[in-house]
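In: Quick one, structure for this:
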Amino acid sequence: MRRVLTLSVVAAAIVFLSLGVGGVAAGPVVEGVAAGPVVEGVAAGHADETLRDAPTGATLGDAPASATAAECDAGDGTEVVGCWNGTHYEAELSFDQSDGLNESELEALTHLTMARVEHLRERPFREDVPVETVTRSEFMNDSPGGNDTDEAFRRWNDQVWEALFVVGEGTNANDEIDAVFGGAVSGFYSPADDRIVLVVAEGEEPQIDPSTLAHELVHGMQDQYHDLTRPRYAGATQDGDLAADGIVEGEAVHVEELYDARCAASWTCLDPPDAGGGGGGSAADYNFGILQTVLQPYSDGALYVEELVDEGGWEAVNETMTEPPESTAEVIHRNPEYETREVTFEDTATGEWETYPDQGVDGAETTGEASMFVMFWYQSLEYDYPVLEPETSAGANVRIHTRPDEELRTRANYNYAHESTDGWAGDELYPYRADDGDDARDGYVWVTEWQTPGDAAAFRETYLTMLTAHGGDEYEAGEIYEIEGGDFPGAYGVVRDETTVTIAHAPEPAGVLELRPEADLDPPTTDDADGEDGGTDTGSDGDDGDATDTGSDDDAGDGSSGPDASTGDEAPGFGVVAALLGLLAAVSLLARRGRD
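Out: Reported below is the predicted structural model:
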């Protein structure tokens, strides 16, 4: 089974990338997104110089104390913390990386970083984590080719991303994911091979940000203690996959944050490589909806892990690694007890419509709260439609995501919480196909479940705002809505029943009624019905008169969204630099999660 967010180029790899020339981590780097320029002032410098030798929630005796320099010998066993192969965590290096790192220098840097990760994480590595280098051509020759998939998966996957209003009709979602990935892989940790591999240009020595190497070595340590090849670290659904990565990537980013703070305050660390060059393509070429979806574990995950450590020490992180989060909602709201609800779906489609029982989980995908938030947010960035808060500008809507309340020091982080999606309790998205000779139709039924009727109404209202922004006409209660032209043309039926919102999409209104024949929906009103007031949506089932259709005729007007634009209000926009930061982490996740 292939995952929606999969890339098979680096199977089961945890990747860190760079858009710079000359190796890993030129300037902004990943497995997260690195120190350097960030979105709207987020984490541009060292915002908080407070050091934490141990988590606030830890108590004496929770973990072995780190060895002193005098206690650190080359022959020490793996039970010693803060010392690796005779290198103490407070040692200094006798070289820089202005001309790259040769083999012995890379080994020395790795030993020092392993000792420092042990000290910060308060536990020893069980064995060495080899760090190797390969040339770009060697890497490409040894890697599976691209995100090739069978036709059934392609059509299924396209409908998932089209339902999220991220990849438009007629565009191959797998190609969009591959465009994010591109040729930018600069290295990865492979749980299958227990090693870190750096991809370097022909004839060049590698360069690396020390905190980035620390991040990758955390994955090596995780693998030694928890075995990252276990199924629990690869969710069966998109939401499950992102959720599991919330703890895996969150821990690595948290340790990276501690490492960077130490480098700023007391440790002697190599300077990060200078930014420069290219290699990943223009930021404008990337689909930021995909990108920001896969960034969520790095952003929310780091804060989630920080809270776990503060409240329960590293043992709380260990326990969560044993039982990873099951939904992005759990990570977004930092609530290990977050409750979901079983989604009830019955396939009542008539005509030629059929699901894809061999794809996803019995034909369904669960997108989750993070993906739903990005769906609404992306309309402001890509199309200048203020959807999350239609009474404000598109630029202000963009900043809902790019200006979080809490900041990280090593990377830009983002907000994924909004009242439109906060009450998520579950969802199942079923792509459909209807093939009749040369006439092939695609559609989907998306059943979403919410904590309260008010949560369901809020989601429905925001969804209708998105529809009407693309369609240009007001929504008429109880009718199927049509979008003519654009990236998401076709007919949409939206029905709320208490805490359930069901969405059906097909090319024509008749197709919506074939997909959900029991829905109390009428075909769209003709132009003759212009006299009716469509501003207030009373719901097609008679029970959700609280949902008001605001539409989105509201003109963004300022032309302020988009990767290169200012968002106004004297705040820089979601700019190219920030976009590149996001790209790096996104590609990291995509490549690491690529597996059959």
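In: Could I get the full set of helices for this structure?
Out: Under the criterion DSSP state H, helices of the chain are mapped to 103-121, 136-142, 151-163, 173-181, 210-226, 238-265, 288-322, 328-332, 368-383, 394-402, 453-471, 509-515, 576-592.
In: Out of those, which gets the lowest mean score?
Out: Averaged per stretch, pLDDT over those is lowest on helix 576-592, reaching a mean of 38.
In: Most tightly packed of the helices of the chain?
Out: Per-residue neighbour counts averaged over each of the helices of the chain give the maximum for helix 328-332, namely a mean of 29 (mean count of other CB atoms under 10 Å). Bear in mind the C-beta positions are built from the backbone N, C-alpha and C, glycine included.
In: Name the surrounding residues that touch stretch 119-129.
Out: Counting by CB atoms under 8 Å, 6 or more residues apart in numbering, the neighbours of stretch 119-129 from elsewhere in the structure are 53-54, 58, 62-64, 66, 78-82, 84-85, 89, 110, 114, 117-118, 189, 194-196, 214, 217-218, 220-221, 224-225, 255, 258-259, 262, 314.
In: if I look at the residue nearest to the spatial centre of the chain, how far off is residue 371?
Out: Computing the C-alpha centroid of the chain and ranking residues by CA atoms, centre = their mean puts residue 294 first, at 1.7 Å. Plainly put, residue 294 is 10 Å away from residue 371 if you go by CB to CB, to the nearest Å.
In: Next: residue 303.
Out: Per CB to CB, residue 303 is found 19 Å from residue 371.
In: what stretches of the stretch 401-550 of the chain score poorly on pLDDT?
Out: When residues are selected by pLDDT under 70, those of the stretch 401-550 of the chain lie in 527-550.
In: and if we set it to 50?
Out: Within the stretch 401-550 of the chain, the stretches with pLDDT under 50 are 529-550.
In: So which residues of it form strands?
Out: Remark: strands of the stretch 401-550 of the chain, listed N- to C-terminal, are 424-436, 439-450, 481-483, 490-497, 500-506; assignment by DSSP state E, counting those that start in this stretch.
In: what would those strands look like in a markdown table with mean neighbour count and distance to residue 208?
Out: Shown next, in a markdown table, are these (neighbours: other CB atoms under 10 Å; distance: least, CB to CB, whole Å):
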| stretch | mean neighbour count | distance to residue 208 |
| --- | --- | --- |
| strand 424-436 | 22 | 38 |
| strand 439-450 | 21 | 43 |
| strand 481-483 | 20 | 47 |
| strand 490-497 | 22 | 48 |
| strand 500-506 | 23 | 46 |
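In: Quick one: the ones you listed as TSV, columns for distance to residue 103 too.
Out: Written out in TSV, the entries for the strands of the stretch 401-550 of the chain read as follows (distance: least, CB to CB, whole Å):
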stretch	distance to residue 103
strand 424-436	49
strand 439-450	52
strand 481-483	58
strand 490-497	57
strand 500-506	56
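In: mind checking which of those strands is nearest residue 327?
Out: strand 424-436 (7.8 Å; CB to CB).
In: Give the other helices and strands that that closest one contacts.
Out: Contacting strand 424-436 under the criterion 3 or more CB pairs under 8 Å, 6 or more residues apart in numbering; DSSP states H and E are the following elements: helix 151-163, helix 368-383, strand 439-450, helix 453-471, helix 509-515.
In: now it and helix 238-265, what's the angle there?
Out: Using axes from the mean of the first three to the mean of the last three CA atoms, to 10 degrees, the interaxial angle of strand 424-436 with respect to helix 238-265 works out to 130 degrees.
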